[in-house]
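Colleague: Sequence and predicted structure, then a few things I'm wondering about:
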Protein chains: 2
Amino acid sequence: MHELLLNSVRSKIAISDEELKKLLTFFFPRKIRKRQYVLNAGDVCQHLTFVESGLLRSFYADDKANEHVVQFASEGWWITDMGSFFSGEPAMYNIEALEDTEMLVLPRTSHDMMMDAIPAMERYFRLLLQNSLVASQKRLIRSMKDPAESRYLTLINDYHDIANRAPLHDVASYLGITPETLSRIRRQLSQRKS
Amino acid sequence: MHELLLNSVRSKIAISDEELKKLLTFFFPRKIRKRQYVLNAGDVCQHLTFVESGLLRSFYADDKANEHVVQFASEGWWITDMGSFFSGEPAMYNIEALEDTEMLVLPRTSHDMMMDAIPAMERYFRLLLQNSLVASQKRLIRSMKDPAESRYLTLINDYHDIANRAPLHDVASYLGITPETLSRIRRQLSQRKS
DNA sequence: CGCGGGTTTGATGATGCTCAAGCCCGGTGG
DNA sequence: CCACCGGGCTTGAGCATCATCAAACCCGCG
């Protein structure tokens, strides 16, 4: 049960089977339906969320109600509003289900207790943070130097399923382009292939 | 002595004066001249660097020898190639001095020893990581939704000195625009003011 | 069926890039 | 101390990419 999470932990740190079992006691499972929200901007983000099945998106709604997708999370990925979860300030981001999804939820208090109970998890989360930061910096550079088509190809290459499962609208927003532009890019790519 | 570093630590975590004193023993000071490199891409990054005076830049050189500035670090800022430092893989980034610079250097082994000796520093570095990640995500969103001039104004607002101390060339690269464009933006802004 | 949201397609325009030339200024050597 | 580089910055003209606006289309769902 919950092999996805256990594998994620095992792949990053050395940890005993007992500790793995103990680990699960800090989480609780949660299911939500498509279009429901896991987090509303303005609320304080109280959980770390690990996706077991389905698809979530986090996004930022600016002053003029434009949405900007920050991240997708499908099976095996973590998602949260980092700034809010760790600082206790109101969240900047919304998190919404793009499909019916099953999650493992780690409340902040459980997170803190887990760090005491299983010190090795400290390292696991630090690794997650580091990897996120490295990935974010890479994405930043690419968003500035690469044209839209090339960024889209990178996305397909790295996260093939997400590029196809998420609505065009959201993929475009994640790439920082308009839906129209993404639609045209897809047309050109399919024409070029055939 | 080294008040900048001590203040940075004090401002983020609770720590005793003894521990602060012990803390400094893990660092060694280093000075370099303008144009010298602190890190060459391809080498493994062995240190965390804290700037006491001067100005550094980290940048990524792509296949076609185009440079992309990732970060500036002036007094009171940390800089490193995170991915390389923590994973031991070759660095993607170069780090170069834009001015004569004085630094406090924390080698990897000292870093690990310090974590054992002063556990509170674990938290300090996790906070640095978190803040970097939040900042990187904000910058990413802005780089996609805001036009060049607005991004420049944000930079001036947040890091006024850097926008003026660093060469135009590097500021432009940091913003993801060409030097020509930044030059024109500056002209328009100064004309509009007068 | 017909409605409606998401997607496609088209026409137009703005932002920022490229290429090319000139300029300014600081550093170096005579 | 001056003359002369040379690199960085500026300015201009033309062009590519992508956004905007608007309309048609497609398909699932009531």
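Modeller: Nice, I can see it.
Colleague: all contacts plus neighbour counts: C-alpha atoms, from now on.
Modeller: Noted.
Colleague: Residue numbers of chain A in contact with DNA strand C?
Modeller: By CA under 7 Å from any atom of the strand, the residues of chain A that approach DNA strand C are A:167-169, A:179-184, A:186-187.
Colleague: Which ones among those residues map onto helices?
Modeller: A:168-169, A:179-184, A:186-187 (DSSP state H).
Colleague: Using JSON lines, lay out these together with distance to residue B:20.
Modeller: Shown next, in JSON lines, are these (distance: CA to CA, whole Å):
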{"residue": "A:168", "distance to residue B:20": "52"}
{"residue": "A:169", "distance to residue B:20": "51"}
{"residue": "A:179", "distance to residue B:20": "53"}
{"residue": "A:180", "distance to residue B:20": "56"}
{"residue": "A:181", "distance to residue B:20": "54"}
{"residue": "A:182", "distance to residue B:20": "53"}
{"residue": "A:183", "distance to residue B:20": "57"}
{"residue": "A:184", "distance to residue B:20": "58"}
{"residue": "A:186", "distance to residue B:20": "57"}
{"residue": "A:187", "distance to residue B:20": "60"}
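Colleague: Can I get the buried part of those residues as one ChimeraX selection?
Modeller: In ChimeraX syntax, the buried subset of those is picked out as below (16 or more other CA atoms under 10 Å in any protein chain shown):
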select /A:168,179,182
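Colleague: could the ones in helices among the residues of chain A next to DNA strand C be laid out in TSV, adding pLDDT?
Modeller: Output for those, formatted as TSV (pLDDT from 0 to 100):
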residue	pLDDT
A:168	97
A:169	96
A:179	97
A:180	97
A:181	98
A:182	98
A:183	97
A:184	97
A:186	97
A:187	96
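Colleague: any chance of the ones in helices among the residues of chain A next to DNA strand C in TSV, plus distance to DNA strand D?
Modeller: Output for those, formatted as TSV (distance: CA to the nearest atom of the strand, whole Å):
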residue	distance to DNA strand D
A:168	13
A:169	12
A:179	7
A:180	5
A:181	5
A:182	7
A:183	10
A:184	10
A:186	12
A:187	13
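Colleague: Would you mind checking the average pLDDT for stretch A:76-95?
Modeller: For stretch A:76-95, mean pLDDT is 95.
Colleague: strand partners of the helix or strand hosting residue A:103, parallel vs antiparallel please.
Modeller: Assigned by DSSP states H and E, residue A:103 belongs to strand A:101-107. According to DSSP bridges, strand A:101-107 has the following sheet partners: strand A:28-32 (antiparallel), strand A:47-53 (antiparallel).
Colleague: Can you give me the end-to-end span of stretch A:73-91?
Modeller: In stretch A:73-91, first residue to last residue: 18 Å (CA to CA, to the nearest Å).
Colleague: can it be found next to chain B?
Modeller: Yes: using CA under 8 Å from any CA of the partner chain, we find that stretch A:73-91 touches chain B at A:82-83.
Colleague: Identify the residues contacting that stretch?
Modeller: A:4-5, A:8, A:40-58, A:71-72, A:92-93, A:95, A:108, A:162, B:130-131, B:134 (CA atoms under 8 Å, 6 or more residues apart in numbering or on different chains).
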